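J.: Build me a structure from this.
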Amino acid sequence: MGVSNERQIDSVHCRAICDEIGERLRMMLRPETAALPVRLQILLDRLADQDRDLAPSIVPDLDDMIWQPAVAELHAA
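T.: Residues are numbered from 1 along each chain as shown. This is a model prediction of the structure:
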């Protein structure tokens, strides 16, 4: 019924278009030119503060990982 208006481009041109879009976005969204919204900056600051606090370690001590005979076993021998 209708004529198809589809246009297809090869992978080389598609990649070039994507690269150009990416480069323009990088230029527009440079950190020094785009300030974060206040709420997002507050959340990022809180996350950085939490990263600075020492979290409890979930890794067992080396002594807990190595089998050591109980004191009673040493006296029995």
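
J.: all helices of this protein, in order?
T.: Under the criterion DSSP state H, the chain contains helices at 11-28, 38-52, 62-65, 71-76.

J.: want to throw those into a markdown table with mean neighbour count and mean pLDDT?
T.: Every C-beta, even on glycine, is put in place using the N, C-alpha and C of the backbone. Formatted as a markdown table, the entries for the helices of the chain read as follows, by neighbours: other CB atoms under 10 Å; pLDDT from 0 to 100:
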| stretch | mean neighbour count | mean pLDDT |
| --- | --- | --- |
| helix 11-28 | 10 | 90 |
| helix 38-52 | 9 | 87 |
| helix 62-65 | 8 | 76 |
| helix 71-76 | 8 | 56 |
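
J.: Look up how far residue 17 lies from residue 24.
T.: Taking CB to CB, to the nearest Å as the criterion, residue 24 is separated from residue 17 by 11 Å.

J.: And for residue 62?
T.: Residue 62 is 55 Å from residue 17, where distance means CB to CB.

J.: Residue 23 now?
T.: Using CB to CB, one obtains 11 Å as the distance from residue 23 to residue 17.

J.: likewise residue 60?
T.: As defined by CB to CB, residue 60 lies at a distance of 53 Å from residue 17.

J.: now do residue 29
T.: According to CB to CB, residue 29 stands 18 Å off from residue 17.

J.: quick one: pLDDT of residue 57?
T.: In this prediction, residue 57 carries a pLDDT score of 73.

J.: Please give the number of neighbouring residues around it.
T.: Using other CB atoms under 10 Å, residue 57 is surrounded by 7 other residues.

J.: Equivalent analysis for the one 4 residues further on, please.
T.: Taking other CB under 10 Å as the neighbour definition, residue 61 ends up with a count of 8.

J.: Give me the phi and psi for it.
T.: Listed backbone geometry of residue 61 is phi -70, psi 160, with angles given as degrees, to the nearest 10.

J.: Check it and give its pLDDT.
T.: The per-residue pLDDT reported for residue 61 equals 77.

J.: try residue 34
T.: At residue 34 the predicted local distance difference test score is 63.
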